[in-house]
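[1] Need a 3D model of the sequence below.
(chains A, B, C and D)
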2 protein chains.
Amino acid sequence: MPFEDKKKSRVTLLDVARRANVSRATASLVIRKSPLVGTETRARVEEAMRELGYVYNMGAARLRAERSHTVGVIVPNLTNPFFAELLSGIEAGIDSAGMVVILANSGDLVERQDMVMRRMREHGVDGVIVCPAAGTEPAFLHQLAEWDLPLVQVLRQISEEVDYAGADYAAGMRQAVDYLASLGHRTIAFAVQGPIHSAYRERVEGFRDAMQSRGLDPSMIVRVPNQIGEIADAAHLLFDEHEQPTAVICFNDVIALGLSAGLYDRGLKVGENFSLIGFDDVTDAEAMRPRLTSVSTAPVTIGANAARLLLDRLPDPIRPARRVVNETVLHIRQSCGPIAISPDNNPPASG
Amino acid sequence: MPFEDKKKSRVTLLDVARRANVSRATASLVIRKSPLVGTETRARVEEAMRELGYVYNMGAARLRAERSHTVGVIVPNLTNPFFAELLSGIEAGIDSAGMVVILANSGDLVERQDMVMRRMREHGVDGVIVCPAAGTEPAFLHQLAEWDLPLVQVLRQISEEVDYAGADYAAGMRQAVDYLASLGHRTIAFAVQGPIHSAYRERVEGFRDAMQSRGLDPSMIVRVPNQIGEIADAAHLLFDEHEQPTAVICFNDVIALGLSAGLYDRGLKVGENFSLIGFDDVTDAEAMRPRLTSVSTAPVTIGANAARLLLDRLPDPIRPARRVVNETVLHIRQSCGPIAISPDNNPPASG
DNA sequence: AAAAGCTTTTAGATCGATCTAAATGGAAAG
DNA sequence: CTTTCCATTTAGATCGATCTAAAAGCTTTT
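    Numbering: from 1, shown residues only, chains lettered A, B, ... in the order given. Take a look at the predicted model:
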């Protein structure tokens, strides 16, 4: 490995050009794979680049060319495996376009979101994929669009005028309710959690609509704690209500996991005398016992869709906003059973 | 909000300077919070910046100042919640220093790792935090150091000459073995998974040493599948051996979760007639039933440590390599029990 | 042989900040 | 009143690429 002179700070395009006996401009064309340069010249320049160990300087290029090959991604929470999978899908899509992801965590706080968004602009990202923090105003997104910053909202939709990638949560809820109803359940609870945002509302409204359209009471909506360890201990909330539910739909799989433990603690047998449905179908669902029936929202796919939307928008900032809404799929496993086989569960004051 | 002229592409420092009746140089000093500028001037410039909606251009600054305020982070896998938590810790640390994270996924493949590392260099990151892909050569890291790229290895250590943040896996293994031994277990299996790397070897050797130092047979090491859904079905592997184990230590919590399901399928009662210990103590451990006893490696903390190491190294590239090795903590919950109460488990061909 | 038409190459300006070294202005010292 | 000193301010070069518009070499046509 021939290191010419290690002292000299950095190999620049000019060094390469001199080595190959061409001008800076020609060397630049070679890098950008322009068809203008001759075959022999191209080979000579590439050879020189290799010999000198040249590394392209994006920073310099961006300054002139006004493109940074950089995409900002803002998520409310990294610890949640759901967002980790989403991020994984986004990263793969962005990466395959030869761009890189600048990551930031908003903590689901609008002030922090303002802050990281500013930082992204300072770093000159070509576009941003954001899962908006709860409480984000449409004006916030509009202003970004105003500033000509290509933008995609993911999972939560704040504005109709901005690209959106998500899943059809309402349809997912209907699948869950229909399935439980087909098993004979009539008193179904909905366990919810976390801050209020569009995805939250879509799920709640989806639940209400699905229940009402079957003539069932949609009012049994129970809020559980955010910490997974505490959810189990909150299972009793389900039974504090006037009527006793025979099944519960969970806002996400984390709740399902927690409640499953809490129901176990109360001596209920999930899948036998009580039914449980999760939402999102993260990979752990397969490993629970009984295996968790869950509505799959495919976060990796949503992430890939968001990346696609952004990449499509970059060349053409004025195209109308698009929405890519993923179908949900009900994965039936073992955590639900027909109501008939467990009549001992329903009476108000038995056992 | 007074938009002077929306057509003009971008508000630059020169615009700000003109508005405030100072030179570009002075405006630049204000931005960088230099103590050289007078109070009244500073106020005037800041006012002008606000009025014009000025956004700092990192790209331009970096070109001249040779600092990008950017850190590369390379992980082998984003879907795994363990890495997601690690990333969360790194991001928080880097963010609090006013820098941003450029994220890449190596897929645990050295070729991809080469590729993303090159990309990071092109983007001019100030440093890189990497969890090296399995099979990474020390020479790879040394070359990066040679190129004056500040570097921190996290979770897996390839080279002694490069900063490292991780956990004391061997000690964690000893804690697990000691605990099981104190409960009377003598035939203990170790369920492992995934590619071979330093963290893998540390855990295996830690297991072997701990077993041997207690006069126990350390050879019962069983490889299980990588997909969580398949782990449960692989539980039988534990009992295909010559001797029947009464306890199993898992390489990570995902395996523990999977095996727990598989053991359940076989009619074994974890915590009563079979003992199970996880490793890493991700948040779900609390929600399993029985609650999973696990060796905590605190990935968020490791991430924070890695960020700290890198931030400390930036100002001083020649300081000797440091190692920050986190203590592990055994979180005792319910998945282990004394061997005495379950004598019916051991006989080779019982009911 | 000159003109026209290609293809390939290039000089020099430019992007928006930072850096260096020097200029400016006012107060204190001689 | 000049000189020195200190605190501020500034002009102009610079970082490493890209862009524009034109030049230089080739054929091919007239």
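[2] Which residue lies closest in space to A:I74, excluding its sequence neighbours?
    Leaving aside its sequence neighbours, A:I74 sits nearest to A:V130 (CB to CB, 6 or more residues apart in numbering or on different chains; 4.3 Å). Where C-beta positions appear, they are placed from N, C-alpha and C, glycine not excepted.
[3] Next, count neighbours for the one you found.
    29 (other CB atoms under 10 Å in any protein chain shown).
[4] cool, A:R323 as well?
    The burial count for A:R323: 13, using other CB under 10 Å.
[5] again with A:A139
    11.
[6] next one: A:L216
    18.
[7] Now do the same for the residue lying closest to it once chain neighbours are set aside: helix, strand or coil?
    Excluding its sequence neighbours, the residue lying closest to A:L216 (CB to CB, 6+ apart) is A:R186, at 5.9 Å. For A:R186, the secondary-structure state derived from DSSP: H, G, I helix; E, B strand; the rest coil is coil.
[8] rewinding a little: didn't the residue nearest to A:I74 look like it was pressed against A:P150?
    No - contact status for A:V130 versus A:P150: not in contact, 11.4 Å apart, counting by CB atoms under 8 Å.
[9] Sketch out the helices for the stretch 201-350 of chain A, chain order is fine.
    A:228-231, A:253-265, A:299-313 (DSSP state H, counting those that start in this stretch).
[10] ok, the most centrally placed residue in chain A - contacts?
    A centroid search over chain A (CA atoms, centre = their mean) returns A:L86, at 3.5 Å, as the residue closest to the centre. By CB atoms under 8 Å, 6 or more residues apart in numbering or on different chains, A:L86 lies in contact with A:V75, A:C131, A:V154, A:L155, A:P299, A:V300, A:I302, A:G303.
[11] Could you measure from it over to B:G262?
    29 Å (CB to CB, to the nearest Å).
[12] And A:F82, by the same measure?
    25 Å.
[13] do A:M173 as well
    32 Å.
[14] swap in A:R62?
    52 Å.
[15] Can you give me the distance of the closest residue to DNA strand D within the stretch 251-351 of chain A to A:P338?
    DNA strand D sits closest to A:P315 of the stretch 251-351 of chain A, with a gap of 13.6 Å, by CB to the nearest atom of the strand. Using CB to CB, A:P315 is found at 54 Å from A:P338.
[16] more crowded one of those two?
    A:P338 (13 against 8).
[17] so the more buried one touches A:L183, yeah?
    Yes - counting by CB under 8 Å, A:P338 does reach A:L183; the two are 4.7 Å apart.
[18] Off-centre distance for stretch A:54-73?
    Put simply, stretch A:54-73 sits 26 Å off its chain's centre (CA atoms, centre = their mean, to the nearest Å).
[19] now check it, is it near DNA strand D?
    Yes - applying CB under 7 Å from any atom of the strand, one finds stretch A:54-73 touching DNA strand D at A:Y54, A:Y56, A:N57, A:A60, A:A61, A:L63, A:R64, A:A65.
[20] can you tell me which of those residues are in helices?
    The helices, defined by DSSP state H, take in A:A60, A:A61, A:L63, A:R64, A:A65 from these.
[21] Could you check how many residues crowd around the first one?
    Per other CB under 10 Å, the neighbour tally for A:A60 reads 16.
[22] How about it, nearest residue that isn't a chain neighbour?
    The nearest residue in space to A:A60 (CB to CB, 6+ apart) is B:L63, at 5.5 Å.
[23] And the pLDDT for that neighbour?
    Listed pLDDT for B:L63 reads 93.
[24] Would you check that A:S23 makes contact with A:V16?
    No - contact criterion CB under 8 Å: A:S23 and A:V16 do not qualify, at 10.9 Å.
[25] Same list, the residues of stretch A:54-73 next to DNA strand D, but only the ones touching DNA strand C.
    Restricting the residues of stretch A:54-73 next to DNA strand D to those touching DNA strand C (CB under 7 Å from any atom of the strand) yields A:L63, A:R64.
[26] Can you lay out the residues of stretch A:54-73 next to DNA strand D as CSV showing distance to A:T246?
    Below are those laid out as CSV (distance: CB to CB, whole Å):
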residue, distance to A:T246
A:Y54, 69
A:Y56, 63
A:N57, 65
A:A60, 66
A:A61, 63
A:L63, 64
A:R64, 66
A:A65, 63
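[27] Quick one: the helices in the stretch 1-150 of chain A, in order.
    Using DSSP H, counting those that start in this stretch, helices in the stretch 1-150 of chain A cover A:13-19, A:24-31, A:39-52, A:58-65, A:81-96, A:110-122, A:138-146.
[28] Pick the most buried one from those helices.
    With neighbours taken as mean count of other CB atoms under 10 Å in any protein chain shown, those reach their highest mean count in helix A:81-96, at a mean of 23.
[29] next one: it to chain centre, how far?
    For helix A:81-96, the distance to the chain centre is 7 Å (CA atoms, centre = their mean).
[30] and it with helix B:81-96, angle?
    Angle of helix A:81-96 versus helix B:81-96, following axes from the mean of the first three to the mean of the last three CA atoms, to 10 degrees, is 70 degrees.
[31] where does A:Y164 land in three-state SS?
    From three-state DSSP, the assignment for A:Y164 is strand.
[32] Quick check: bridge partners of it?
    A:Q153, A:R323 (DSSP bridges).
[33] number of nearby residues for it?
    Neighbour tally, A:Y164, other CB under 10 Å: 23.
[34] and the stretch 101-250 of chain A, which residues reach chain B?
    A:101-105, A:116, A:118-124, A:228-229, A:231-232 (CB under 8 Å from any CB of the partner chain).
[35] Which parts of chain A belong to which domain?
    A:13-56, A:69-167+A:300-326, A:169-298+A:331-345 (automatic domain parsing).
[36] returning to what we had before: relative to A:L103, how far out is the residue nearest to A:I74?
    Taking CB to CB, one finds A:V130 at 12 Å from A:L103.
[37] Find the residues that touch each one of the two.
    Joint contacts of A:V130 and A:L103 (CB under 8 Å, 6+ apart) are A:V73.
[38] how about the ones in helices among the residues of stretch A:54-73 next to DNA strand D, which pair is most distant?
    A:A60 and A:A65 (9.4 Å; CB to CB).
[39] circling back to that earlier point, when A:M173 and B:G262 are compared, which one has more neighbours?
    Applying other CB under 10 Å to A:M173 and B:G262 shows that A:M173 carries more neighbours, namely 27 against 22.
[40] Which strands and helices lie in contact with whatever helix or strand that one lives in?
    A:M173 is part of helix A:169-182, with elements assigned from DSSP states H and E. Under the contact criterion of 3 or more CB pairs under 8 Å, 6 or more residues apart in numbering or on different chains; DSSP states H and E, helix A:169-182 touches strand A:188-192, helix A:198-212, strand A:247-250, strand A:275-280, strand A:293-296, strand A:329-331.
[41] 7 Å instead, please
    In terms of contacts (3 or more CB pairs under 7 Å, 6 or more residues apart in numbering or on different chains; DSSP states H and E), helix A:169-182 is packed against helix A:198-212, strand A:275-280, strand A:293-296, strand A:329-331.
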